[in-house]
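Student: got a predicted model here, sequence first, then my questions.
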Amino acid sequence: MAAGSTYTPIATTTLGSTTTTITFSSIASSYTDLVVVANFKMGSSTFQPILRYNGDTGSNYSSTTVWGDGSSAGSNRHSNQNGIYANPGAGVGTAGQFEIWTINIQNYANTTTYKTSVERFSNPQSLTNAGVGMWRNTAAITSVSLTAESGSGDFQTGSTFTLYGIAAA
Amino acid sequence: MANTFELIAAVTVGSGGASSIDFTSIPSTYTDLCLKVSVRSNRAASTWDNTQIKINNSAANMTNRYLAGNGATASSGNLTVIYVGDIPATNATASTFANQEIYFPNYAGASNKSVSSDSVAENNTTTAYAYLGAHLWSQTTAINQLTIISGNGDNFVQYSTAYLYGVKNA
């Protein structure tokens, strides 16, 4: 019997114009985990891509990161945030430079636990970090959005965002 | 159903060792590339060596920022090579290999290439290394060759492996 696909692209978008928010919606509950791969550039150096679930903009997120900016290393914690930020409290991005944010969301469809994610962010001209995030909600995740922080540069043309589903069996 | 995460090529180092691990003629038909490496060095009289990546047979036009931890301190720096991380060498605990993953999104696109890497090498002694890297190859040409080298010009030992995967987003 041929095995089913383990790692499946659910949706992808490549921007043809500047955009503030990318949303993957109506996510099926049939996978085990989700992976978001974002390869994007911003129009402003003062940026924060923000991860949110199910349209929740309340103070229901927290995160811990470790970061290095090429001269200093550090760690940050943020509680009661309105989203999970790509590089919280550790500097800014680089306008026009492609950056990478990979987000692993485990057991996203369960209705028992708060939802956790493991993230890796890389901007070769500013910093690299690894983080863990939590959304304090037991609802199944049915949408994932990435938003350019208010007042900052939007996601630029050519940025790509892909959502993959991983099936454990 | 088409495979999303597809093995392009696999290398296992034989008994003679290898001065480099090379993936050539990489097709441009995928969205991203993912390189997974398990590696140890024969660097003499040393506990550690390191791996670096050449793109299209060149180590030019590269910059990076890294975050490193060695079990006692965290540090950060910047280099002009794609420095993936420290790997065990001759004096390291026997049978220990480093694990590394290097991700190349949009590797065939027409922009400068951002690269992300993770590297760990644990050996149950007082010092081991974990590296996170953010790299930039400032060239707009497609990546068609990836070469893994020892940063000190040494060889990778037998049983070192490297797997190059192509990732398709549709």
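Tutor: Everything's here; your move.
Student: what sits against the most centrally placed residue in chain B?
Tutor: The C-alpha lying nearest the average C-alpha coordinate of chain B belongs to residue B:84 (Cα atoms, centre = their mean; 5.1 Å). For residue B:84, the contact set (Cβ atoms under 8 Å, 6 or more residues apart in numbering or on different chains) comprises B:37, B:50-53, B:100, B:102, B:117, B:119, B:131, B:133, B:148. Bear in mind the C-beta positions are built from the backbone N, C-alpha and C, glycine included.
Student: restrict the residues you listed to contacts with chain A.
Tutor: Contacts with chain A are made by residue B:133 out of the contacts of residue B:84, judged by Cβ under 8 Å from any Cβ of the partner chain.
Student: what residues does chain A have near chain B?
Tutor: Going by Cβ under 8 Å from any Cβ, the residues of chain A near chain B are A:4-9, A:12, A:37, A:39, A:66-75, A:97-100, A:102, A:120-130, A:158, A:160, A:162, A:164.
Student: how much space is there between the residue nearest to residue A:51 when sequence neighbours are not counted and residue A:33?
Tutor: Leaving out its chain neighbours, the residue that sits closest to residue A:51 by Cβ to Cβ, 6 or more residues apart in numbering or on different chains is residue A:84, at 4.2 Å. Look at residue A:84 and residue A:33: by Cβ to Cβ, to the nearest Å, they are 16 Å apart.
Student: the two: which is more packed in?
Tutor: residue A:84 (25 against 17; other Cβ atoms under 10 Å in any protein chain shown).
Student: returning to that earlier point: which SSE is the residue nearest to the centre of chain B in?
Tutor: Assigning secondary structure by DSSP states H and E places residue B:84 in strand B:82-88.
Student: so which of the residues of chain A next to chain B are in strands?
Tutor: The strands, defined by DSSP state E, take in A:7-9, A:12, A:37, A:39, A:66-68, A:73-75, A:99-100, A:102, A:120-123, A:127-130, A:160, A:162, A:164 from these.
Student: now, of these, which are buried?
Tutor: The neighbour count (16 or more other Cβ atoms under 10 Å in any protein chain shown) marks A:7-9, A:12, A:37, A:39, A:66-68, A:73-74, A:99-100, A:102, A:120-123, A:127-130, A:160, A:162, A:164 as buried among those.
Student: any idea how many residues pack against residue 23?
Tutor: Looking at chain A here, since you left the chain open. 15.
Student: look at chain B instead
Tutor: There are 20 residues near residue B:23, going by other Cβ under 10 Å.
Student: list the beta-bridge partners for it.
Tutor: residue B:146 (DSSP bridges).
Student: wait, doesn't it sit right on residue B:164?
Tutor: Yes: at 4.8 Å, residue B:23 counts as touching residue B:164 under the criterion of Cβ atoms under 8 Å.
Student: give me the common contacts of those two.
Tutor: With Cβ under 8 Å, 6+ apart, residue B:23 and residue B:164 have common neighbours B:8-9, B:35, B:146.
Student: now distance to residue B:75 and secondary structure too, for those residues, in JSON lines please.
Tutor: As requested, the shared contacts of residue B:23 and residue B:164 are arranged in JSON lines below (distance: Cβ to Cβ, whole Å; DSSP: H, G, I helix; E, B strand; the rest coil):
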{"residue": "B:8", "distance to residue B:75": "34", "secondary structure": "strand"}
{"residue": "B:9", "distance to residue B:75": "34", "secondary structure": "strand"}
{"residue": "B:35", "distance to residue B:75": "24", "secondary structure": "strand"}
{"residue": "B:146", "distance to residue B:75": "27", "secondary structure": "strand"}
